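Visitor: build the 3D model from these lines:
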Amino acid sequence: MSASTDSRQNETDPNGRNAPTRNRVRRLAAWAARRNLERKVAIVLVVGGVASGLATFAAMTDNFFGVADPTTILLLLNADLVFLLAIGALIARRLVMVWVARRRGRAGARLHARLVGLFSLVAVAPAIVLAVFSVLFFNYGLQGWFSERVSTALDASLEVAQSYLEEHRETINADVLSMANDLNREGPLLMYNQQRFQRTLATQAALRSLTEAVVFDSSGRVIARAGFSLMLEFDPEVPDWAMQRAEQGDVVTLTAGTEDRVRALIKLDNFVDAYLYVGRLVDPKILNHIDRTENAVQLYKQLEGKRSTMQITFALIFMVVAMLLLLASVWVGLAFANQLTQPIGQLIMATERVRSGDLTTRAPPPETRDEVDSLTRAFNRMTGQLQTQQTALVDANRQLDERRRFTEAVLSGVTAGVIGLDPDGRIDLPNTSACRLLETTRDKLIGRPLHEIAPQMAKLAERARKRPGRGAQDQIQFTAQDGRTLTLLVRVTAEQEAGRPISGFVVTFDDITELLSAQRKAAWADVARRIAHEIKNPLTPIQLSAERLKRRYLKQIEQDPETFKACTDTIVRQVTDIGRMVDEFSNFARMPEPVMESEDLNQLAEQAVFLQETANPDLSFARELSDQPARLSCDRRQIDRALTNLVQNAIEAVRARPEAPEQPKGEVRIRVRPDEQAWIIEVLDNGRGLPVEERDKLTEPYVTTRDHGTGLGLAIVKKIMEDHGGEVRLTNRPEGGACVRLILPVGEDAGQSGDDQPPNTDIGRARVRA
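Guide: Alright, predicted model coming up:
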């Protein structure tokens, strides 16, 4: 839930809201760079812009002659603007990139900027000159087109053409009027004789050189016609305005722009609803010349009216084309500068990466085969050789490092301390065991002289210097930080090759304190076994004989019987004490194997205190038992014996404390508490405490601080802890008195003494910390 909530928060906060969009933009930019999309787009835009400019020019030219569509021209102008803006945006982006690269001091940025400026200047100057001269040339050309001579010639031509047509109109008007008068005079005769009407109509048309003649009524029905007047019969209807004017008595002249003839219409007054419609052919070449003259004059007038617009339009077109050429030239300059400086910049960046240590760097070869390509290939060959040499050096260094790590692993895995010394006796390679035995850290040892850490080891090193082939070995006493005295077995060997001076020393040492203690313990166990065997047998007869002498001869002795009785009592008492000592010797020498069963440590502690509390009512006994069940697999009899020994030692330590005013009452406290994977039983007192000098030897046999002690109590406790896989710790309390802590582990190793190892020589199973 928390992960999803955090992700939703990251999606909605201001900083992480646009992260997916930015990632997509980065991926799109990377894809465009791989495809060289910017260059392709620029080429398309330049080609499209030039094509659009040419199309605009063509459309504007057609527009002056009334051909192009204004909507098309507007679309082309918008397209020109779009192309200009797009190309300008690309160029602006590239210029900004060049400026940013120069500000950031990128490789080749200054050269790139100079080349861009130079190429831009070279491109701008011709474009500006071309545009200025084009505009001036166009203006001078327009002035020549619209000169007074051209205008006068066109007007005269148009006047001649119009005069020619007007002459034809007047001629046909006179002919149609006279023909109508002739027909009106013969109207009563012709109305009822169709054949005569047609002959008369044909004769009148032939006399006046008319190519067509038709008489029709207002409904369009042909009344009479000449034999060759088919064109008038098949023509569309006469316009209404012409019929209306003819109805009013006017002569109407009709000319069609697409026909090669002139026609006239008049109403016949002496006829009922009759109209005369005649036509005469005109030379087609003359009509074509007349049409061209009229069109030319009309177009000339239009162009003359649009002269200012034309100048502005053509100037705009020249500007568009000039801008397109200018932008295209600038882009080509940018592309060329980029193509020239990019390999140089890549070489500089690759050199920087090589300088920083990255020998895998290769400069991409340029696309062109030139000196820059040769330089790039030479650089790549150089970095390849450097990489090969570095790889060989790295492999050699790796092998040395593997050997060093193997040596360090071997040294850190051994229990003995190993120290490497330089020829001057300074420490340069201590292993983990050496740091542990000397109770310091690796950093504090390296570089320090050996005589500052262990003077006795330094003396052995001097002995080894004098005889490099044999070395030196001895046992030294080393005082730990907590006051314990350790016995170290030290060996020093000098490193020397044949014919060369000493290159260093190797010091190996190990803590044999526990080994010596175990040896002494084994020796004392053997002595105790012999003493128990040799002394215990005569003790019983001696005690029985002394008691018998007392019973039999005490009444017979008349002189000084008290002395006799005291002597016999002393013999019995001393024999009893000797027997108790022999029993302790026997118990120490022949400690039985523990029988493991689940026992309650709270109950064992309570029983140990209860027995001594009854026998010592003047002392205070306190119990701090565990609130939870303290079940543990152990030998009840041995644990009870160990607790009894510790409580008795505490009582004797309290009674042996020196007298002092306002001295607190003697107290013995037993505490049971759980710990990580162990149960801890502590016996505390406020007695005289433990001696500092020989505290680490108190668990050895026959080492005691009491006048009448045997020195086997703590030794037996240690042996019991060994059989249970536990630990004994001896400390002094800050407020006075001693604290003996028994640590009994909870696990599968607890209580396994090991049948294959003698109990009295197992120095690695139990630890004694003083």
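Visitor: who are the packing partners of the helix or strand hosting L730?
Guide: For L730, the host element (DSSP states H and E) is strand 727-732. Counting contacts by 3 or more Cβ pairs under 8 Å, 6 or more residues apart in numbering; DSSP states H and E, strand 727-732 packs against helix 713-723, strand 738-745, strand 767-769. No exception for glycine: its C-beta is placed from N, CA and C like everyone else's.
Visitor: need the winner for burial among those.
Guide: When those are scored by mean count of other Cβ atoms under 10 Å, the highest mean neighbour count falls to helix 713-723 (a mean of 24).
Visitor: before we move on, back to that, will you turn the helices and strands packed on strand 727-732 into JSON lines that also has mean pLDDT?
Guide: Shown next, in JSON lines, are the helices and strands packed on strand 727-732 (pLDDT from 0 to 100):
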{"stretch": "helix 713-723", "mean pLDDT": "82"}
{"stretch": "strand 738-745", "mean pLDDT": "91"}
{"stretch": "strand 767-769", "mean pLDDT": "41"}
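Visitor: ok, which of the ones you listed comes nearest K459?
Guide: strand 767-769 (29.8 Å; Cβ to Cβ).
Visitor: circling back: make CSV out of the helices and strands packed on strand 727-732 and add distance to K555.
Guide: Listed next are the helices and strands packed on strand 727-732 as CSV, based on distance: least, Cβ to Cβ, whole Å:
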stretch, distance to K555
helix 713-723, 42
strand 738-745, 51
strand 767-769, 56
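Visitor: and D358, which of those is closest to it?
Guide: Of the helices and strands packed on strand 727-732, nearest to D358 by Cβ to Cβ is strand 767-769, at 53.8 Å.
Visitor: ok, the spatially closest residue to A630 that is not a sequence neighbour - how many residues close by?
Guide: Sequence neighbours aside, L601 is the residue nearest to A630 in space, at 3.9 Å (criterion: Cβ to Cβ, 6 or more residues apart in numbering). Close neighbours of L601, defined as other Cβ atoms under 10 Å, add up to 24.
Visitor: one more: Q556?
Guide: 8.
Visitor: can I assume it sits in a helix?
Guide: No - counting by DSSP: H, G, I helix; E, B strand; the rest coil, Q556 is not part of a helix but coil.
Visitor: tell me the pLDDT of it.
Guide: pLDDT for Q556: 75.
Visitor: so it versus T568, what's the distance?
Guide: 13 Å (Cβ to Cβ, to the nearest Å).
Visitor: cool, V50 as well?
Guide: 143 Å.
Visitor: residue contacts, G413?
Guide: The contact partners of G413, taken as Cβ atoms under 8 Å, 6 or more residues apart in numbering, number zero.
Visitor: re earlier: can you give me the angle the strand holding L730 makes with helix 713-723?
Guide: 140 degrees (axes from the mean of the first three to the mean of the last three Cα atoms, to 10 degrees).
Visitor: angle of strand 727-732 against strand 738-745?
Guide: Using the same axes, to 10 degrees: strand 727-732 against strand 738-745 is 160 degrees.
Visitor: note down every partner strand of strand 727-732 and its orientation.
Guide: strand 738-745 (antiparallel), strand 767-769 (parallel) (DSSP bridges).
Visitor: about what we covered before: neighbour-wise, which of V50 and T568 wins?
Guide: T568 (19 against 16).
Visitor: the more buried one and E547 touch, don't they?
Guide: Yes - in this structure, T568 is within contact of E547 by Cβ atoms under 8 Å, at 7.3 Å.
Visitor: and the next element down the chain from the strand or helix carrying L643?
Guide: Using DSSP H and E, L643 sits within helix 636-655. Next helix or strand after helix 636-655 toward the C-terminus (DSSP H and E): strand 667-675.
Visitor: buried residues in the following helix or strand past that next one?
Guide: On the C-terminal side of strand 667-675, the closest following helix or strand by DSSP H and E is strand 678-685. The neighbour-count check on strand 678-685 (16 or more other Cβ atoms under 10 Å) flags A678, W679, I680, I681, E682, V683, L684, D685 as buried.
Visitor: for the residue nearest to I743 when sequence neighbours are not counted, name its beta-bridge partners.
Guide: Nearest residue to I743, sequence neighbours excluded (Cβ to Cβ, 6+ apart): E727, at 4.2 Å. Bridge pairing for E727 (DSSP bridges) gives the partners I743, R767.
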